[in-house]
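Enquirer: sequence below, structure please.
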Amino acid sequence: MTRSVLIALLLFAYGPFLTAEPSDVYDFDTRAEEQRFHDLISELRCPKCQNQNIADSNAPISKDMREEAYQMMSSGASNDEIVGALVDRFGEFVRYKPQVESRTLLLWATPVIAVVIGLLVVAGIVIRSRRDNQGDSGLSAEERERASRILDGDGSDRTS
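Expert: The predicted structure is shown next:
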């Protein structure tokens, strides 16, 4: 009875480790190649996870992308060739920084357009405010005279 309880406790304690998926292990000749690989997979987005890079994602598609990047890198491909192949396969979405092209021009121009529109709105408000302040106060001659008497401290705040 004690032996079966001990086995059950061990299985309970080590069970998660037995079912855990092994992490990707890649062999590199130099530390520079390993750093290049990690920099490259950190710059690519997982198509399934939306806002997670393929280095941090556990999705199967990210694992495939990491494996393809490693295979291409091992065969001597440059970073641009690897990114180009992954973009061809999975689409422009995998880049965190899409290239400026005719189809992505609106994406790149939107922040500039928003700032220009904001500046135009602020300039219009300032100009309108200055114009309103420079104009006549809207008081008649009698009202201006009465206001002047009040401000001078005359105390004669009588209306005729």
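
Enquirer: what are the ranges of the helices in this structure?
Expert: 2-19, 31-42, 60-74, 79-90, 105-134, 141-152 (DSSP state H).

Enquirer: got the CA positions of stretch 105-125 in CSV?
Expert: Coordinates of each C-alpha in stretch 105-125 appear next as CSV, following Å, rounded to 0.1, in the frame of the first residue of the first chain:
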residue,chain,number,x,y,z
LEU,A,105,1.3,53.1,-48.6
LEU,A,106,-1.9,53.9,-46.8
LEU,A,107,-0.7,52.0,-43.7
TRP,A,108,2.5,54.1,-43.6
ALA,A,109,0.7,57.4,-44.5
THR,A,110,-2.1,57.1,-42.0
PRO,A,111,-0.1,58.5,-39.0
VAL,A,112,1.2,61.4,-41.0
ILE,A,113,-2.3,62.2,-42.3
ALA,A,114,-3.8,62.0,-38.8
VAL,A,115,-1.1,64.5,-37.5
VAL,A,116,-1.7,66.9,-40.3
ILE,A,117,-5.4,66.9,-39.8
GLY,A,118,-5.0,67.4,-36.1
LEU,A,119,-2.7,70.3,-36.6
LEU,A,120,-5.1,71.9,-39.1
VAL,A,121,-8.0,71.5,-36.6
VAL,A,122,-5.9,73.1,-33.8
ALA,A,123,-4.8,76.0,-36.1
GLY,A,124,-8.4,76.6,-37.1
ILE,A,125,-9.5,76.7,-33.5
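
Enquirer: where in the chain is pLDDT low?
Expert: 1, 15-24, 134-138, 154-160 (pLDDT under 70).

Enquirer: before we move on, back to that, of the helices of the chain, which stretch is the most buried?
Expert: helix 60-74 (a mean of 17; mean count of other CB atoms under 10 Å). For every residue, glycine as well, the C-beta is placed using N, CA and C.

Enquirer: run a quick neighbour tally on the nearest residue to Ala147 once chain neighbours are set aside.
Expert: Of all residues not flanking Ala147 in the chain, Leu139 sits nearest, at 6.8 Å (CB to CB, 6 or more residues apart in numbering). Residues within reach of Leu139, counting by other CB atoms under 10 Å, total 11.
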